[in-house]
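Undergrad: Structure, please.
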Amino acid sequence: MTRSTRRGVRRRAVGALAAVGIIVLSGTVGGLGVPVAGASSHREAPLIAGDPAVDNTDVYAFVSPDKPDTVTIIANWFGLQEPNGGPNFYPWATEANYDINIDNDGNGKPDISYRVTFTNDDRRGAATFLYDNGPVTSLNDENLLFRQNYTLSVSHGANDWRPIVHGQAAPSYTGSASIPDYAPLRQQATHELPGGGSVYVGAAEDPFFLDLRVFDLLYGGNLSEVGTDTLAGYNVNTVVLQVPRRDLALRGDPARNPVIGVWSDTERRSLQLSPGAATAVGEAVQVSRLGNPLVNEVVMPVGLKDAFNGLSPSKDATIPEVVARVTDPELAKLIQAVYQVPAPAAPRNDLVEIFLTGIAKKAPTLDGSAPPIQADLNSQVLNADVDPKTFQPSEMLRLNMSVPLTAQPNRLGVLGGDLQGFPNGRRLADDVVDIAVQAMEGAAQTGKLVDALAAGDKVDANDVAFSTVFPYVALPSRGKAGSSVAGDGPSNGAGPAVGGTKPAAAQQDNGGLPVLPIAAGGVGASAALAAGGWLWLRRRRAAGLNTPPSELNTPPSE
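TA: Take a look at the predicted model:
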């Protein structure tokens, strides 16, 4: 890494620090600690962990199952929302820009961006501490005392922001007495986009399902800490966009140019404080970004996390320290050290395809070698009107909008033979933790799942069902101590639309795209082996016996 590059990374980190954590107080620079709850992969970098209102948690992009001429993009912020977290609950920041970006020509820069900004309508004043002072049955209910209005704007890569929707966000879920049924509020907070499509802005149950104890020596050092959906009972702030494919495709032609790249980011202004007041000052600075899941959490080291949050994707491949974490990842080495599963040899050009270029036979590699995953799936180089000379490796979630809908979604996505799943976009029900662990161990280039890790984190589906219609995410959760979601009904019905909850056979109709080779027996054999091993392991634990890691997936002999 050159000295000038190091200075650039430091400047970006300082810029992020200025926007996230530096507060001007009566003319003096000082720090402001923001309370945060729990620990989560959502809080991926030191600085953004202290500013959860602008922390990107997840991005999803998939062809809308009930409207296949559209694409649905879901971007979430402000994770770990416990419904009992009053009195202020979980407002959107009014001095921030919440952006969803689309790159359709592969240069790592946004060609279309959607921005949501907020203003407060706070009716509490000096009269009460309550968020709502009676049952709230609609967005204009007089009992709803704190409201947030938003503007959705669009830009086409030239900072030419144009407002297209003005609306009121659905509020934080504050409990069953205050909000007996959240579904009407969601419906009222959903608006049509000019030219087609829809937008929902408000709260939702956190759709990310996983066991976060991966950070305790990779599930306890012996896979003993698995099987708990750590995010069950928590909510997020969400923006759900459903946009016609033609509006996202290069030159408006999804037939010739079906591949897009998607990421979200947040820009925040600094705050100037005086007693009892805060004023936004200065230019907005990017403080958070998210494309593929888990990249900043488990790929970037702590020393690069804040700087990575401030980077444009177009700069990713220009920073050697960032590239090195992809081509020689730490996680694979940790798995080898803890579980004796050999790490694939570096350089990991398969991960370069997954994270930086998209998967294509002619995807450019960083060292000039042939791409190891020989399939044409989701790189912008597959777009007929892309100039290969302008293509720039960059981290984003890539989606081929032309891949046909599958009747039986597989939670393991592409690794399970389902080309509609992650890493080709991301559906709500894609098990990205199990997919990512397998990809780190080389499954995408070998075509074989690593049986020793086939059981994954033992959290294979969300704790509540997703909806089969827009906006697909579940209604807000009632909390760890509550039951289900805030308003049960048809709008929360599960279906194959947003991804299955159990592995299914590989699909045969792939629109002419080759299925990545999966070994005979594939997911079913691995899952059966894992299930037998875990049953045996539970029996041993019940008997007070210790089980070495090498025996964790051995089938029971009885």
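Undergrad: who's in contact with the residue nearest in space to the middle of the chain?
TA: Most central in the chain under C-alpha atoms, centre = their mean is residue 58, positioned 2.1 Å from the mean C-alpha point. By C-beta atoms under 8 Å, 6 or more residues apart in numbering, the residues touching residue 58 are 42, 74, 75, 76, 207, 208, 236, 290, 293. Every residue, glycine included, has its C-beta placed from N, CA and C.
Undergrad: and the fourth one, which of the three is it?
TA: Spelled out, it's residue 76. strand (DSSP: H, G, I helix; E, B strand; the rest coil).
Undergrad: burial count for residue 141?
TA: Residue 141 sits with 16 neighbouring residues when counted by other C-beta atoms under 10 Å.
Undergrad: Just the mean pLDDT for stretch 303-317, thanks.
TA: Average pLDDT, stretch 303-317: 91.
Undergrad: and it, which residues are buried?
TA: 304-313, 315-317 (16 or more other C-beta atoms under 10 Å).
Undergrad: can you check stretch 112-125 too?
TA: For stretch 112-125, burial by neighbour count (16+ other C-beta under 10 Å) applies to 112, 113, 114, 115, 116, 117, 118.
Undergrad: tell me how far it is from the chain's mean position?
TA: Centre-to-centre, stretch 112-125 and its host chain are 22 Å apart (C-alpha atoms, centre = their mean, to the nearest Å).
Undergrad: Likewise for stretch 441-453?
TA: Distance, centroid of stretch 441-453 to centroid of chain: 23 Å (C-alpha atoms, centre = their mean).
Undergrad: if I look at residue 188, how far off is residue 170?
TA: For residue 188, the distance to residue 170 (C-beta to C-beta, to the nearest Å) stands at 8 Å.
Undergrad: Please read the previous query as pertaining to residue 145.
TA: 15 Å.
Undergrad: Which one of these two is surrounded by more residues?
TA: For residue 145 versus residue 170, the count of surrounding residues by other C-beta under 10 Å is larger for residue 170: 26 against 21.
Undergrad: Now do the more buried one against residue 194, distance only.
TA: 21 Å.
Undergrad: With residue 333 instead?
TA: To residue 194, residue 333 is 50 Å away according to C-beta to C-beta.
Undergrad: Between those two, which is the more surrounded one?
TA: Neighbours were counted for residue 333 and for residue 194 using other C-beta under 10 Å; residue 333 has more, 13 against 8.
Undergrad: Now the more buried one. Nearest residue, chain neighbours left out?
TA: Residue nearest to residue 333 in three dimensions, not counting chain neighbours: residue 343, with 5.3 Å by C-beta to C-beta, 6 or more residues apart in numbering.
Undergrad: What segments of the stretch 351-500 of the chain are strands?
TA: Along the stretch 351-500 of the chain, the stretches classed as strands by DSSP state E, counting those that start in this stretch are 397-400.
Undergrad: All the helices of it, residue numbers only.
TA: For the stretch 351-500 of the chain, applying DSSP state H, counting those that start in this stretch gives helices covering 432-440, 443-446.
Undergrad: In a markdown table: these, plus distance to residue 413, mean neighbour count and mean pLDDT.
TA: Below are the helices of the stretch 351-500 of the chain laid out as a markdown table (distance: least, C-beta to C-beta, whole Å; neighbours: other C-beta atoms under 10 Å; pLDDT from 0 to 100):
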| stretch | distance to residue 413 | mean neighbour count | mean pLDDT |
| --- | --- | --- | --- |
| helix 432-440 | 6 | 24 | 94 |
| helix 443-446 | 10 | 21 | 92 |
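Undergrad: Adding distance to residue 419, write those out as CSV.
TA: Shown next, in CSV, are the helices of the stretch 351-500 of the chain (distance: least, C-beta to C-beta, whole Å):
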stretch, distance to residue 419
helix 432-440, 13
helix 443-446, 12
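Undergrad: Of those helices, which is nearest residue 390?
TA: The closest of the helices of the stretch 351-500 of the chain to residue 390 is helix 443-446. By C-beta to C-beta, the value is 26.2 Å.
Undergrad: ok, and what's touching that closest one?
TA: With contacts defined as C-beta under 8 Å, 6+ apart, helix 443-446 is touched by 344, 350, 353, 354, 372, 373, 414, 415, 438, 449, 450, 516.
Undergrad: shouldn't residue 233 be in contact with residue 476?
TA: No: contact criterion C-beta atoms under 8 Å: residue 233 and residue 476 do not qualify, at 10.3 Å.
Undergrad: between these two, who's got more neighbours?
TA: Ranked by neighbour count (other C-beta under 10 Å), residue 233 and residue 476 place residue 476 first, with 29 against 20.
Undergrad: correct me, but that one touches residue 203?
TA: Yes: in this structure residue 476 lies within contact range of residue 203 using C-beta under 8 Å: 4.6 Å.
Undergrad: the strands in the chain, which residues?
TA: Taking DSSP state E as the criterion, the chain carries its strands at 22-25, 28-31, 56-63, 70-81, 96-103, 112-122, 146-155, 162-168, 190-192, 198-205, 235-244, 259-274, 277-290, 397-400.
Undergrad: partners of the shortest one, with directions?
TA: With DSSP bridges as the criterion, the sheet partners recorded for strand 190-192 are strand 198-205 (antiparallel).
Undergrad: The strand it pairs with to strand 96-103, inter-axis angle?
TA: Between strand 198-205 and strand 96-103, the angle comes out at 120 degrees (axes from the mean of the first three to the mean of the last three C-alpha atoms, to 10 degrees).
Undergrad: Could you check strand 198-205 and say which residues are buried?
TA: Neighbour-count burial for strand 198-205 [16+ other C-beta under 10 Å]: 198, 199, 200, 201, 202, 203, 204, 205.
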